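Peer 1: Here is the input, now give the coordinates:
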Amino acid sequence: MFSSDRLRALDAVAVHGSLARAATALHITPSGVSQQLAKLEREAGHTLLEPQGRGVRLTHAGRVLADHAARVVAQLSAAESDLADLGDEILGPLRLGGVGSCLRALLPGVLAALTEAHPRLRPTVVDGEAVDMVPLLLAGELDLLLIESWHSRPMPLPEGVRVKPLAVEEVQVALPARHPLADREVVDLAELDGVDWSSCPVGTEPYEALVQALRARGVEPRVRYAVGEYATQLAFVARGLTAALVPGMGRWPCPPGVRFVSVEPALHREVRAAWRAGGDSPSVRACLAALTAEEWDGEVAGAVPD
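Peer 2: Next up, the predicted model:
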């Protein structure tokens, strides 16, 4: 019979792609992972790994067994979660990550309510882009994420990630108040040919959504300012330097001199909670419940000045 620890080691290598990253995820040394896999090879009667450059890859037998190992590990995680439910108190670390605009709009009230109801809960928060944080979620370094998926460019997610939709919001174009189109109710993206843009960095969901939305209207985007915060993008817009595509949660805080105009075709962003399959601990479930109850009505805190 295969040891669960050895199956966990094989699953970690399959997920993370190397002995070193698997060791980090399992909180053991690379030599410890190698020893577990050597024993598993003897038990299986097949070679499970083979050299590839300076690293390793799974053999056909390794892939077959890794598929079974993934199901075993998921079932064990579910069992651990069920046992954790036997406790009455939600406590310990809760490691959260997310896109800055979503964190700012949704998380402060949620964390205030959770920590008041569960004083022994210890939440921590980091912000960043989903493309960088999803690997941390899969590696077990984060417990729950707030991520975005733009309807013009749905975010692909790897196996092993569960999601729950939290809000859908309109994306508008932010224009300088003196721009000729700033007083319009709706502007076709094709009319913005030749405009300089601000956006999040290359490879992020907002950047790729901007590029695809503009190219679909025959416009080649000219992104001059690649910054992660909408507040900084809006500061550039206010000075007449750029335009920016901004979802509802990113419209605050906003400096004077910015106008928000709906676009044609319409753009929307979905905000989602994401967690690992089998990683829905009582703390994660409590946070999910609080996030679901935190209604987002599309209104931005504070008026948008002229």
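Peer 1: use CA for all of it now, contacts and neighbours both
Peer 2: Fine.
Peer 1: what's the burial count for A277?
Peer 2: By the criterion of other CA atoms under 10 Å, A277 has 16 neighbours.
Peer 1: Then the one 4 residues further on?
Peer 2: If you count neighbours by other CA under 10 Å, S281 ends up with 21.
Peer 1: who are the neighbours in contact with the nearest residue to it once chain neighbours are set aside?
Peer 2: Of all residues not flanking S281 in the chain, S81 sits nearest, at 5.5 Å (CA to CA, 6 or more residues apart in numbering). Listed by CA atoms under 8 Å, 6 or more residues apart in numbering, the contact partners of S81 are G278, G279, D280, S281, P282.
Peer 1: Touching, the last one and G92? I think so.
Peer 2: So the one you mean is P282. No - under the criterion of CA atoms under 8 Å, P282 makes no contact with G92, lying 10.4 Å away.
Peer 1: Among the two, which residue is more densely surrounded?
Peer 2: P282 (19 against 13).
Peer 1: hey, where'd the helices end up in this protein?
Peer 2: Remark: helices assigned in the chain by DSSP state H are 4-16, 19-26, 30-44, 60-84, 100-117, 130-138, 205-215, 230-238, 282-293.
Peer 1: for those, which one sits closest to K164?
Peer 2: Nearest to K164 among the helices of the chain is helix 282-293 (8.4 Å), distances taken as CA to CA.
Peer 1: and that closest one, which residues are buried?
Peer 2: Neighbour counts using 16 or more other CA atoms under 10 Å place P282, S283, V284, A286, C287, L288, A290, L291, T292 of helix 282-293 among the buried residues.
Peer 1: Against L94, how distant is the first one?
Peer 2: Put plainly, it is P282. Distance of P282 to L94, computed by CA to CA, to the nearest Å: 10 Å.
Peer 1: okay, which residue is most central for this structure?
Peer 2: Residue closest to the average C-alpha location in the chain (CA atoms, centre = their mean): A130, at 3.1 Å.
Peer 1: correct me, but that residue touches V99?
Peer 2: Yes - the pair A130 / V99 is scored as a contact, 6.9 Å apart, by CA under 8 Å.
Peer 1: rewinding a little: with adjacent residues omitted, what lies nearest to the residue nearest to the centre of the chain?
Peer 2: Among residues not flanking A130 along the chain, I147 sits closest, at 5.7 Å (CA to CA, 6+ apart).
Peer 1: And L121, by the same measure?
Peer 2: L91 (4.1 Å).
Peer 1: Count the neighbours of the one you found for me.
Peer 2: 16.
Peer 1: shift numbering so it begins at 28
Peer 2: Happy to do that; since the first residue is 28 now, the last one works out to L118.
Peer 1: Phi and psi next, for R211.
Peer 2: The phi/psi pair for R211 (degrees, to the nearest 10) reads phi -80, psi 150.
Peer 1: Tell me which residues touch it, please.
Peer 2: Shown in contact with R211 (CA under 8 Å, 6+ apart): V288.
Peer 1: now it: how far from L37?
Peer 2: Taken as CA to CA, the span from R211 to L37 is 58 Å.
Peer 1: ok, how many other residues are close to the closest residue to R180 other than its chain neighbours?
Peer 2: Spatial nearest neighbour of R180, chain neighbours left out: A236 (5.3 Å); criterion: CA to CA, 6+ apart. Neighbour count of A236, defined by other CA under 10 Å: 23.
Peer 1: repeat for P192
Peer 2: Residues lying near P192 (other CA under 10 Å) number 15.
Peer 1: So in terms of bridging, what pairs with it?
Peer 2: In this structure, P192 bridges to R299 when assessed by DSSP bridges.
Peer 1: doesn't L318 make contact with it?
Peer 2: No - counting by CA under 8 Å, P192 sits too far from L318 to count as a contact (10.1 Å).
Peer 1: How about A301: what's its closest non-neighbour residue?
Peer 2: Counting by CA to CA, 6+ apart, V190 is the residue found nearest to A301 once chain neighbours are left out, at 4.3 Å.
Peer 1: From what I see, that neighbour and A300 are in contact.
Peer 2: Yes - under the criterion of CA under 8 Å, V190 makes contact with A300 at 5.4 Å.
Peer 1: These two: who's more crowded?
Peer 2: Set side by side, V190 and A300 show more neighbours around A300, with 21 against 17, by other CA under 10 Å.
Peer 1: and the more buried one, what does it touch?
Peer 2: Here A300 is in contact with L171, L172, L173, I174, V190, K191, P192, L193, L315 (CA under 8 Å, 6+ apart).
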